[in-house]
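Participant: need coordinates for the below:
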Amino acid sequence: MLGEMIKTAKLNTNASSAFAETLAISQRVNWRIEDIIGGDKTLDFTKPFMPESLARIGKLSFLNTEERLVLNQIKGHTYLQIFGLVEEFILPFVLDHIRPSLDQNDFRVRAFLQFASEEAKHIQLFKTFTEEFHKTFPSRCEVIGPASEVAKKILAHQPLAVALVILQLEWMTQRHFIESVKDNQRLDAQFKSLLKYHWLEEAQHAKLDTLMVEALADGMTENEIEKAVDEFLEIAAFLDEGLRQQTVFDLQAMEHAVGYDLSESEREDFIVIQHQANRWTYLGSGMTHPRFLATLGKLSPAQRQRIEGIAPVFC
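Facilitator: Down below sits the predicted model:
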């Protein structure tokens, strides 16, 4: 009994230190929306917004150089709007997670409230970007939603399943910036800066969400964890359905911007190629992130193996 009490005390101390450290870093990297977009901080529509590793536009051989640039910028708009969409359910989820334990660890409460505040700021940032984008871009770009309905659907699942979805999204953000954006000199500097500042804060969110997943899974049986992963995959399937619809929206926006419609066969190829690109960007790149898999493996080696077997569908 004494040994278990000592072990628990050490775990609580370690967790408290992690929350304090994360809070301190978040406070150091904090930024304001007006400092990174608006006024003279404008988008350069002569340059691409998205790296090819995510956009996968090069496979659309029937598009010329100008049309590919237009589609790339549409996908940049979509990218930030999808982030805004998912952060609409992350925000209430984080608040619900912290609300029952406001009288416990002060650093934990402050770290998660900082997390929630930053997610609210990101949502506002992406709305501001959309306003700036449509001042210049020649066509309106629809995005799946509404966000409230997407949030309602996702938050109906059990907390561990939702936390796992959020965790893969957080690590996805890290992967995209580090592997595809950070050293890419072809991208518009203004769009790249938005991704950089978003990445800086999401790095701390990934740490906090890892702690959240571990706390939610604490004491759960293998069968309960398996059911949570079942629901994680249900959410992934729901998002995948939305990504297919988003592919159609992107196609329509591109056709309107360039002033003509693709042929039926070109449209079919577009949807197949771009839906798979969206799958990789928003699902596969997070599911296969080593840190996401490591956390899942701690909960259940069998469920990690299961996700590793399924993930190639989204790659």
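
Participant: contacting residues for the closest residue to residue 155 other than its chain neighbours?
Facilitator: Closest residue in space to residue 155, ignoring its immediate chain neighbours: residue 89 at 5.7 Å, by Cβ to Cβ, 6 or more residues apart in numbering. C-beta here means a position set from N, CA and C on the backbone, and glycine is covered the same way. Residue 89 sits next to 147, 150-151, 154-155, 162 when contact means Cβ atoms under 8 Å, 6 or more residues apart in numbering.

Participant: considering these, which possesses the most neighbours?
Facilitator: When neighbours are counted by other Cβ atoms under 10 Å, residue 162 leads the contacts of residue 89 with 24 neighbours.

Participant: wait, that one touches residue 156, no?
Facilitator: No: here residue 162 lies out of contact with residue 156, judged by Cβ atoms under 8 Å, at a distance of 9.2 Å.

Participant: and the gap between residue 177 and residue 268?
Facilitator: Distance, residue 177 to residue 268, using Cβ to Cβ, to the nearest Å: 32 Å.

Participant: more neighbours: these two, which one.
Facilitator: Per other Cβ under 10 Å, whichever of residue 177 and residue 268 has more neighbours is residue 177, with 20 against 11.

Participant: quick one on the thing from earlier: could the contacts of residue 89 go into a markdown table alongside distance to residue 96 and secondary structure?
Facilitator: Listed next are the contacts of residue 89 as a markdown table, based on distance: Cβ to Cβ, whole Å; DSSP: H, G, I helix; E, B strand; the rest coil:
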| residue | distance to residue 96 | secondary structure |
| --- | --- | --- |
| 147 | 17 | helix |
| 150 | 17 | helix |
| 151 | 12 | helix |
| 154 | 13 | helix |
| 155 | 8 | helix |
| 162 | 10 | helix |
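
Participant: state the pair within those residues that is farthest apart.
Facilitator: 147 and 162 (15.2 Å; Cβ to Cβ).

Participant: please name the nearest non-neighbouring residue to residue 73.
Facilitator: Closest residue in space to residue 73, ignoring its immediate chain neighbours: residue 49 at 5.2 Å, by Cβ to Cβ, 6+ apart.

Participant: now the one you found: phi and psi?
Facilitator: phi -100, psi -30 (degrees, to the nearest 10).

Participant: okay, and for the stretch 151-300 of the chain, where does confidence drop off?
Facilitator: Along the stretch 151-300 of the chain, the model assigns pLDDT under 70 to no residue.

Participant: and residue 242, what does it touch?
Facilitator: Counting by Cβ under 8 Å, 6+ apart, residue 242 touches 144, 150.

Participant: where along the protein do the strands fall?
Facilitator: Remark: strands of the chain are absent; assignment by DSSP state E.

Participant: if we can go back for a sec, so what's the residue nearest to residue 73 up against?
Facilitator: Applying Cβ under 8 Å, 6+ apart, we find residue 49 in contact with 43, 72-73, 75-77, 79, 187-188, 191.

Participant: how about 10 Å then?
Facilitator: Counting by Cβ atoms under 10 Å, 6 or more residues apart in numbering, residue 49 touches 43, 55, 69, 72-80, 133, 181, 187-188, 190-192, 194-195.

Participant: where does the prediction get shaky in the stretch 1-150 of the chain?
Facilitator: Where the stretch 1-150 of the chain drops to pLDDT under 70, the residues are 1-15.

Participant: still on that earlier bit, for the contacts of residue 89, could you give me JSON lines that also reports distance to residue 211?
Facilitator: Shown next, in JSON lines, are the contacts of residue 89 (distance: Cβ to Cβ, whole Å):
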{"residue": "147", "distance to residue 211": "26"}
{"residue": "150", "distance to residue 211": "25"}
{"residue": "151", "distance to residue 211": "22"}
{"residue": "154", "distance to residue 211": "21"}
{"residue": "155", "distance to residue 211": "20"}
{"residue": "162", "distance to residue 211": "15"}
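
Participant: quick check: neighbours shared by residue 162 and residue 156?
Facilitator: Residues touching both residue 162 and residue 156 by Cβ under 10 Å, 6+ apart: 231, 235.

Participant: and the nearest residue to residue 231 once chain neighbours are set aside, how far is that from residue 225?
Facilitator: Nearest residue to residue 231, sequence neighbours excluded (Cβ to Cβ, 6+ apart): residue 161, at 3.5 Å. From residue 161 across to residue 225, the span is 10 Å (Cβ to Cβ).

Participant: please say which of the two ends up with more neighbours.
Facilitator: Counted by other Cβ under 10 Å, residue 161 and residue 225 do not tie: residue 161 has more neighbours, with 21 against 18.

Participant: got a list of what that one touches?
Facilitator: Per Cβ under 10 Å, 6+ apart, neighbours of residue 161: 154, 216, 227-236.
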